[in-house]
Each structure stands twice: as structure tokens, then as C-alpha cells.
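# here is my input, please return the structure:
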Amino acid sequence: MDAYFRVNEVHSHYEKNYGEESAVQHVKCSVEVLSWSSREVLVDDFWLDNFCGPHSFTVSADVSWGSLIDKAYEYLKTLEKFADAEDC
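Okay, here's the model as predicted:
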């Protein structure tokens, strides 16, 4: 596959409901797909429908905002469609 995936948006929502002991952050991220050779953003339906997202996951409320991008990449690697992705 001649593509490079990168997280281009991360949104976080803090939630602690009354009576619950711990809070959580609900995180939503989007992925941008670029051509490996040209570095141009790929916007055809195949890439948009299959890879770009949004992708949602939950982390502990004590995870710092600056760590959410790393957490997004960790989460994406748990998805079958990104299972063969390599860090670069």
C-alpha cells in the first residue's frame, strides 16, 4: 500500500458522572491519508470510507492532553485495518 497515515485531529471530552469514582476522557480522532511518494492528501472515497474515521476510544481522565496523540496511534494499531501499519 502506497500510503502514509497520520492523526490530524484529536478531540477530548472529560466526563465524571455524579456518584462515579473515577472520571474518563472520551477521545475522537481523525486520520489523514497521504500518498507515500507524492505526500499529497488522498481524498477518494476508498480512503475516506475505510480509514479516515472518526475513530473513538476512552482513556483515564489523568492522561495528559499532550499524550492523547500517542494514545490515538496506540488505539489505531488495535484496529484490524491498521494492524500492519509501521511507525515511521
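
# alpha carbons only for contacts and neighbour counts from here, please
OK.

# where exactly do the helices run in this structure?
Counting by DSSP state H, one finds helices in the chain at the ranges 45-50, 68-76.

# for the first one, which positions count as buried?
Within helix 45-50, the residues that count as buried by 16 or more other Cα atoms under 10 Å are residue 47.

# ok, stretch 68-88 next?
Buried residues in stretch 68-88 (16+ other Cα under 10 Å): 68-69, 71-73, 75-76.

# same thing with stretch 27-38?
For stretch 27-38, the neighbour count (16+ other Cα under 10 Å) marks 27-34 as buried.

# tell me which two of those sit farthest apart.
27 and 34 (22.9 Å; Cα to Cα).

# follow-up on the earlier one: residue 84: which of the helices of the chain is closest?
helix 68-76 (10.7 Å).

# which helices and strands does the closest one pack with?
strand 3-15 (3 or more Cα pairs under 8 Å, 6 or more residues apart in numbering; DSSP states H and E).

# picking that back up, pLDDT added to the buried residues of stretch 68-88, as a markdown table?
Formatted as a markdown table, these follow (pLDDT from 0 to 100):
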| residue | pLDDT |
| --- | --- |
| 68 | 94 |
| 69 | 94 |
| 71 | 95 |
| 72 | 95 |
| 73 | 93 |
| 75 | 94 |
| 76 | 94 |
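
# which one of the buried residues of stretch 27-38 sits closest to residue 5?
residue 33 (4.7 Å).

# thinking again about what came up before, out of the helices of the chain, which is closest to residue 82?
helix 68-76 (6.2 Å).

# re the thing from before, how about the buried residues of stretch 27-38 in TSV, adding distance to residue 83 and pLDDT?
Output for those, formatted as TSV (distance: Cα to Cα, whole Å; pLDDT from 0 to 100):
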residue	distance to residue 83	pLDDT
27	20	96
28	19	96
29	17	95
30	17	93
31	15	93
32	17	92
33	16	91
34	18	91
